[in-house]
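>>> the amino acid sequence is not available; the structure is as follows:
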C-alpha cells in the first residue's frame, strides 16, 4: 500500500517535491476519527513519545521528591534547542538528584537550530551533554533512578529498570507488545520501539481522556502534558514548531516532534490523540502535516481555531534575497 | 505513476524511512541505458546543471580573456561550501572582470556545512555574497556580461542576456522548449527551468560524447567538466559528496548536486549522462542514489570501480555516542 501525498513543496507554478505519509486522529478506545495512509505499519516514534517515557518521573514520586517545576517537567519531555535556558534547567534537574552532567549518557551534538549553534561557537564553547536535545529526558531518567535507589550508570540500556518502565508504559498505552524485533537504538542511545501510529495516537487519547488507563497513569500524563503546554519553550526552543503549535491555543493543544518525520500529540478537550509519520523522514513535511491534523481535529468544534492551524501549516518559501519562490502546503483535503 | 523506492534508511532491523525517486542513465541520442521511475515528468534541475549555465563563459571567450584557471572554472560550476578558499577564488574572478562583491545578486546565507559555518562564526564574521554557495556561478555570469559589454546589473533576471544564453543552452542540450510555464526562481534568484530527467541526462551525454551538439559547445562543456573533475574541492568543499564521487575515479566521473534531491553528471569514457531526483527532495537520498547510478554505469565496463561506488553509496548511521544504529542504502537492484 502506497501512502498518499500529504505535503507538497511548490516552486513557481509547479510542485517541485512532495511527501507521502500517514496520520491517525484517534479516540481513547482506538476509534479512528480521521486518518490517511497505513496507520498499522510499525514506525519508530523516536522523541514524539517522551511523555510516555517520562511517566515514571511522576508515577515513582521522583517529581514530587525533587520538587520539579513545570519548566523542568516540560524539559523532561523535550527535544530542546540547547539554548542557555535549557542547559540551565537540565543542570538544575541533575543537581536536585545530586548528580553532575557527566552522568548523562546521551552524547553531545551541536544544537540543531543554526542560530543557537552559531551563538555557542561565538562564545568559544563546544556543546556538552547538557546541550543534547534529549538532556532533559535523560535528567528525568536519572532523577527517577536516584529516587528509586537504582544504579544510575547504564540507564540507557534496554534492560535497565528505567528503560523497562518506559517500555511497560508504551506497551500499556499503545496496546502493543514491544520486543527486540521492533527495537532500535535512538540518537541519544536509549531503545526506541516501533509500533503502529494508531497505537501511539490511542495512547495519547487515553492519557488526556482518562479512559482505558489507570487513573494514576492518566493523572501523571496530564501533569506532564499540562507542563509542556504551560512551558512550550522548555519543551522545544526559539521559533520551533512545537512551541508555535502550542502557543497558538494555550492549554488546548499538545504536540511533540520526533526525528524522521514523526509527530504525536493530543487535544485534551476533545479527548483525542494523534500520531503521524512522513515516509521519507522530513521535518518540514511533518511540521506542515501536524498543523493540518490539528486543524482537522478542531474542524467541527472550533472553526476559527481550525483556520488558525491551517494557516500555521502553510509556509511561504523565500530565497536568500527574500523573494517568494514557492510554498510548503499540506494537501490533506486534495 | 508512483516512483519506486530507491533509497532506504534503516534502524535496527527495520526500515525507518524511505525515499522514492527516478533516475535516467542515457546516451547522447537519448537512448536509455538504465532508468527507474518517471523520467519524463518535468523536474527543476536547480544547481545540478551549472555546467550548462556556465557554457557561455567559454563560448563567449570570457574565460580566455580573463585567463580563468581550472579552479575558477570549477568554481563557476560549483555549489561550494563557502570555505575561505572558495571565497578567495570567487573574489579573484570578480576582480579579473573589474568588479567587486557588491555586484553579486545571489544574496547571503550561512555556509550549509556546519563546521564551516561554525568557523565563520568563531572568526566574528558574518556571511557575505561571496560565501553564497553560488557565488562562483554568479562571478562567471558577471565575467561573461563584462566581456560582452552588457550591463551587469540585473543579470539574474530571466530577460537579461546572461540568462537568455543559459536558457538557450539548456534547450539545445535537453531538446526541450523552456517557457515561463516551467520557470521557477532559484535560491540564488536566477531562473530555473523544469524539464524531464531524460533530457538533462541526454544533455550531459551530448557534451561529453560530442554527438548531437555543435563541436564548439561540446568543447566548452568538456573544458568545464574536466576543470570540475580536476578541482573537485572548488566545485564543492570539504567532505562533500560531489568531491568524494569525483575523487574516487579522477577524471572518469563528473557528478554535481542540486537542491531538492537532484544530481546530474556524466561518465565521459562511456559517453553517458545521468540525472536523478528524489521525490521528497532529500539530499541524503540523492547522495546515496547517485553513487548507485554511477556503479550501474560501470557495471559492465569496470566491475571493480562499480564496487567502489556501491560502497560509497552505503552509509552506516551512528548516534551521538558513535553507536551504529542503522544505515542509508540504495535499493536499485531490490
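Yep, it's here. Keep in mind that what you see is a predicted model, and the values were worked out from it rather than measured.

>>> report pLDDT for the closest residue to chain B within the stretch 101-250 of chain A.
Residue of the stretch 101-250 of chain A nearest chain B, by CB to the nearest CB: residue A:107 (2.7 Å). Backbone N, C-alpha and C define where each C-beta goes, glycine included. Looking at residue A:107, its pLDDT stands at 96.

>>> so where's chain A shaky on pLDDT?
A:1, A:333-334 (pLDDT under 70).

>>> for it, what spans make up the helices?
Under the criterion DSSP state H, chain A carries helices at the ranges A:50-59, A:62-65, A:70-76, A:84-96, A:114-122, A:135-147, A:161-174, A:197-209, A:215-230, A:232-235, A:241-247, A:283-298, A:303-313.

>>> give me the contacts around the first one.
Read it as helix A:50-59. Identification of contacts with helix A:50-59 by CB atoms under 8 Å, 6 or more residues apart in numbering or on different chains yields A:62-63, A:68, A:73, A:76-79, A:137, A:140-141, A:143-144, A:162, A:165-166, A:169-170, A:173, A:190, A:203-204, A:207, A:216-217, A:219-221, A:223-225, A:228, A:254, A:256.

>>> quick one: it to helix A:197-209, angle?
Angle, helix A:50-59 to helix A:197-209, by axes from the mean of the first three to the mean of the last three CA atoms, to 10 degrees: 40 degrees.

>>> what does the fifth one give?
Comparing the axes of helix A:114-122 and helix A:197-209 via the same axes, to 10 degrees yields an angle of 80 degrees.

>>> what comes up buried for helix A:114-122?
A:116, A:117, A:118, A:119, A:120, A:121 (16 or more other CB atoms under 10 Å in any protein chain shown).

>>> my guess is the residue of the stretch 101-250 of chain A closest to chain B meets residue A:188, correct?
Yes: counting by CB atoms under 8 Å, residue A:107 does reach residue A:188; the two are 6.6 Å apart.

>>> joint contacts of the two?
By CB under 8 Å, 6+ apart, the residues touching both residue A:107 and residue A:188 are A:132, B:319, B:320.

>>> and the stretch 1-150 of chain A, which residues reach chain B?
A:2, A:9, A:11-14, A:16-20, A:42-44, A:105-110, A:114, A:117-119, A:121-122, A:124, A:132 (CB under 8 Å from any CB of the partner chain).

>>> from these, which would you call buried?
By neighbour count, with 16+ other CB under 10 Å, the residues of the stretch 1-150 of chain A next to chain B hold A:9, A:11-12, A:14, A:16-20, A:42-44, A:105-110, A:117-119, A:121, A:132 as buried.

>>> now the shared contacts of residue A:107 and residue A:188 in CSV, with distance to residue A:301?
Output for the shared contacts of residue A:107 and residue A:188, formatted as CSV (distance: CB to CB, whole Å):
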residue, distance to residue A:301
A:132, 38
B:319, 41
B:320, 41
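
>>> neighbours of the closest residue to residue A:301 other than its chain neighbours, how many?
Spatially, and ignoring its direct neighbours in sequence, residue A:301 is nearest to residue A:270 (6.2 Å; CB to CB, 6 or more residues apart in numbering or on different chains). Neighbour count of residue A:270, defined by other CB atoms under 10 Å in any protein chain shown: 19.

>>> separation between residue A:270 and residue B:111?
For residue A:270, the distance to residue B:111 (CB to CB, to the nearest Å) stands at 45 Å.

>>> cool, and residue A:80?
Using CB to CB, residue A:80 is found at 25 Å from residue B:111.

>>> of these two, which one has the most company?
Between residue A:80 and residue B:111, counted using other CB under 10 Å, residue A:80 has the larger neighbour count: 31 against 23.

>>> spit out the contact partners of the closest residue to the more buried one other than its chain neighbours.
Ranked by CB to CB, 6+ apart and with sequence neighbours excluded, the top spatial neighbour of residue A:80 is residue A:86, at 4.1 Å. By CB under 8 Å, 6+ apart, the contact set of residue A:86 is A:75, A:78, A:80, A:130, A:131, A:135, A:136, A:234, A:237.
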